[in-house]
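Visitor: here are the coordinates; sequence isn't available:
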């Protein structure tokens, strides 16, 4: 059981012990046993394995034996486990047929099963040996029958009243279990899905979830998660809850009737728009969804020739499946990079020499040798992803699943990952990669699966994704070759439908809205992240910052809103030195969207997330504020999900929500650290169209991007960084020296 479930069982059994103790003060030899109600409630809420149910029953039996009126207290050590087993068996048999009444029915059967078995045991041990007659037996049993029946009614009412609201609160609504299989699993199938569907629970989420990763993850292999056996969550029937709650529309399965087989040595790229079911697909093929997410699953899932419910627990499953999540922070827990990678090797019981050799191989394979002594939390986003990748490789599982695990890598780093994955596939390992940079994977993958609305819409040979890019070339967007004036500003001619060229020029000022002069930043370990950086930003322009992972991009933009303070140098916003300003004061003019949206999201609805930022800058609830929230959500395509908990959004949707939070605040300067993370090409260009509209209103946008196409098309200026320095500035596809650059040659990173 998960730690949460163990705690819940303990609390309920303690409540049962208190109820049993209080019963000692009630006159009479035998009273109704309310302990049964509490252990039945625990079993219904947790749905443990049978061996765990035995433990619950034995603890309940000890409680009843210690606080007992009966002539044979030890009989409880047998009767209560019997009651516990009956409760579990009945509940699992009927919960998918009658959800609302299954708790009361299970308890109503378990209570007399326990009560009458106790009566039978007591009679056999205490009365029968003395040669009791039938009359004696009747006189012994008859007074106890009303007590058992009364306890049955009381216990059933208690459980029914508590169970249903508790299920909603826990998000642990009834889940279908597979108890038998019609045919043996195909031993030659590495991963098999047959008519698999999954629908998330209707329960409200009130926790501060960090999104699509498992918060209990303590490493880079799913085996480091602890909890229930996945056998308690799989099934051969598909049943969907209907209706909407305040958080998620559960009438729409996240996966719907997915049937496919993935064989040994396949390199499968999974793609689709944000919210199409890609992450749920990864959770399903690894078993994580059966362990950590409440919901209803149907169909057959096989992993390495075994049904998913035949694996004892997640630890056993982790020996065959490794996973790299989209949020590397959720996987990195050690104090140094070396510890993160070495731990996976040490768990395999290798010799010291083997560990050192493999460790060096992993350093070289993932380009992490240069950062092996650094703390993971101090790394850039791309560097963290490289470390998480290396740690997953250290387990050498036959199956490796990567959920957008390259989203924060620069182009060269992504290429290196694809090469490593292809090499692993060629050696016989099975690779599943969720990726939006589909065009880059075509030469490496052996198969491509596209998901839309939880369904497989394409399953075949890898094809380029360019067809989904809208006709968004510079000329057709009204984006002509810009001129550079004496202040270094670009003069961007725009389509008349968007903004009049004269108005655009008037929105530009001769004075910069932000100025960085000779900026130097040195981290505590004497790492110089920025080295004499200077730049100006002007009203009505989009400036893109590009560079390889670790080049200083994120460090630079964090100075512009006061999150980092300069080691030396000056930063001015509207001619004010921000060193003399507090962060809330800076935030009135400067908005920042982090590269990891989960660091910004903690409310339980999308609307509340957007509202939070407005309150922080002093804008209280009003008609205008409500309209601003709705407008921001509509601009990023999330208005229909305004009451959905961000926990249920895909990575791309969470990225758009983080952008909406900043858009609603209507600041003059908008700083975006990888605004297209988790978005496919079409969605990325939709966001860029929105940013162009904002730019045309006279606002300033500074963004870090990993997409050369986006940087070339929408940016008025492109600033290239390397080793903490600005190495080149280009305008409209031309270097300031007049040299034409190709967008495909720009190495662009998401992350520092």
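Guide: Sure, I can see it. What you are looking at is a predicted structure, and each value in this text was computed from that prediction instead of being measured. Numbering: from 1, shown residues only.

Visitor: can you pull the buried residues of the host helix or strand of residue 108?
Guide: Using DSSP states H and E, residue 108 maps to helix 102-122. Neighbour-count burial for helix 102-122, counted by 16 or more other CB atoms under 10 Å, picks out 102-119, 121-122. For every residue, glycine as well, the C-beta is placed using N, CA and C.

Visitor: Equivalent analysis for stretch 697-711, please.
Guide: Of all the residues in stretch 697-711, those buried under the rule 16+ other CB under 10 Å are 698-711.

Visitor: Then stretch 67-77?
Guide: In terms of neighbour count (16+ other CB under 10 Å), stretch 67-77 has its buried residues at 67-68, 70, 72-73, 75-77.

Visitor: how far does stretch 265-284 sit from the chain's center?
Guide: In terms of CA atoms, centre = their mean, to the nearest Å, the gap separating the centre of stretch 265-284 from the centre of its chain is 14 Å.

Visitor: do the same with stretch 695-708
Guide: Centroid separation between stretch 695-708 and its chain, computed with CA atoms, centre = their mean, is 28 Å.

Visitor: Then stretch 118-137?
Guide: 59 Å.

Visitor: Residues in contact with that stretch: which ones?
Guide: 70-72, 75-76, 78-79, 140-141, 144, 148 (CB atoms under 8 Å, 6 or more residues apart in numbering).

Visitor: So which of those residues is the closest to residue 374?
Guide: Lowest distance from residue 374 to the contacts of stretch 118-137 (CB to CB) belongs to residue 76, with 58.0 Å.

Visitor: How about the contacts made by the closest one?
Guide: Residue 76 makes contact with 60-62, 64-65, 68, 70, 118, according to CB under 8 Å, 6+ apart.

Visitor: That one and residue 125, how far apart?
Guide: From residue 76 across to residue 125, the span is 12 Å (CB to CB, to the nearest Å).

Visitor: picking that back up, will you turn the contacts of residue 76 into CSV that also has distance to residue 355, secondary structure and pLDDT?
Guide: As requested, the contacts of residue 76 are arranged in CSV below (distance: CB to CB, whole Å; DSSP: H, G, I helix; E, B strand; the rest coil; pLDDT from 0 to 100):
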residue, distance to residue 355, secondary structure, pLDDT
60, 47, helix, 92
61, 48, helix, 90
62, 46, helix, 92
64, 52, helix, 87
65, 51, helix, 86
68, 56, coil, 75
70, 60, coil, 73
118, 56, helix, 88
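
Visitor: Measure how buried residue 129 is and give me the count.
Guide: Per other CB atoms under 10 Å, the neighbour tally for residue 129 reads 8.

Visitor: can you confirm it is in a helix?
Guide: Yes - according to DSSP: H, G, I helix; E, B strand; the rest coil, residue 129 belongs to a helix.

Visitor: Skip the chain neighbours and tell me the closest residue to residue 105.
Guide: Spatially, and ignoring its direct neighbours in sequence, residue 105 is nearest to residue 94 (6.1 Å; CB to CB, 6 or more residues apart in numbering).

Visitor: Against residue 155, how distant is that neighbour?
Guide: Distance check for residue 94 against residue 155: by CB to CB, it reads 17 Å.

Visitor: the more surrounded of these two?
Guide: Using other CB under 10 Å, the more surrounded residue of residue 94 and residue 155 is residue 155, with 29 against 17.

Visitor: That one: helix or strand, and which one exactly?
Guide: Using DSSP H and E, residue 155 sits within helix 144-170.

Visitor: on that earlier part again, thought the residue nearest to residue 105 was touching residue 104?
Guide: No - between residue 94 and residue 104 there is no contact, the gap being 10.6 Å when judged by CB atoms under 8 Å.

Visitor: Can you name the residues that contact residue 372?
Guide: 336-338, 341, 363.

Visitor: Narrow those to those that are buried.
Guide: 337-338, 341, 363.

Visitor: Out of these, which comes closest to residue 279?
Guide: Looking across those and measuring by CB to CB, the closest to residue 279 is residue 341, at 24.7 Å.

Visitor: SS state for residue 458?
Guide: strand.

Visitor: Just give the closest residue to it, not the sequence neighbours.
Guide: residue 450 (3.9 Å).

Visitor: ditto for residue 9
Guide: In this structure, residue 9 finds its nearest non-sequential neighbour in residue 42, 4.5 Å apart by CB to CB, 6+ apart.

Visitor: show me the contacts for that neighbour.
Guide: Counted by CB under 8 Å, 6+ apart, residue 42 has contacts 8-9, 12-13, 56.

Visitor: gap between it and residue 110?
Guide: Separation of residue 42 from residue 110 (CB to CB): 12 Å.

Visitor: now swap in residue 137 and tell me
Guide: 24 Å.

Visitor: re earlier: nearest to residue 374, of the buried ones among the contacts of residue 372?
Guide: residue 337 (5.8 Å).

Visitor: Count the residues that sit near residue 553.
Guide: Other residues within reach of residue 553, judged by other CB under 10 Å, total 33.

Visitor: surely it meets residue 704?
Guide: Yes - between residue 553 and residue 704 a contact is recorded at 4.6 Å, counting by CB under 8 Å.

Visitor: For residue 342, what is the enclosing helix or strand?
Guide: Per DSSP H and E: helix 337-346 holds residue 342.

Visitor: Enumerate the positions of that helix that are buried.
Guide: Buried residues in helix 337-346, counted by 16+ other CB under 10 Å: 337-345.

Visitor: now for the next helix or strand after that helix, which elements pack on it?
Guide: Using DSSP H and E, the helix or strand that follows helix 337-346 in sequence is helix 352-366. With contacts taken as 3 or more CB pairs under 8 Å, 6 or more residues apart in numbering; DSSP states H and E, helix 352-366 sits against helix 337-346, helix 381-393, helix 411-426.

Visitor: among these, which is the most enclosed?
Guide: Among those, helix 381-393 has the highest mean neighbour count (mean count of other CB atoms under 10 Å), at a mean of 28.

Visitor: dump the residue contacts of the residue lying closest to residue 73 once chain neighbours are set aside.
Guide: Counting by CB to CB, 6+ apart, the nearest residue to residue 73 once its immediate chain neighbours are dropped is residue 65, at 4.2 Å. Contacts for residue 65 (CB under 8 Å, 6+ apart) come out as 73-74, 76-77.
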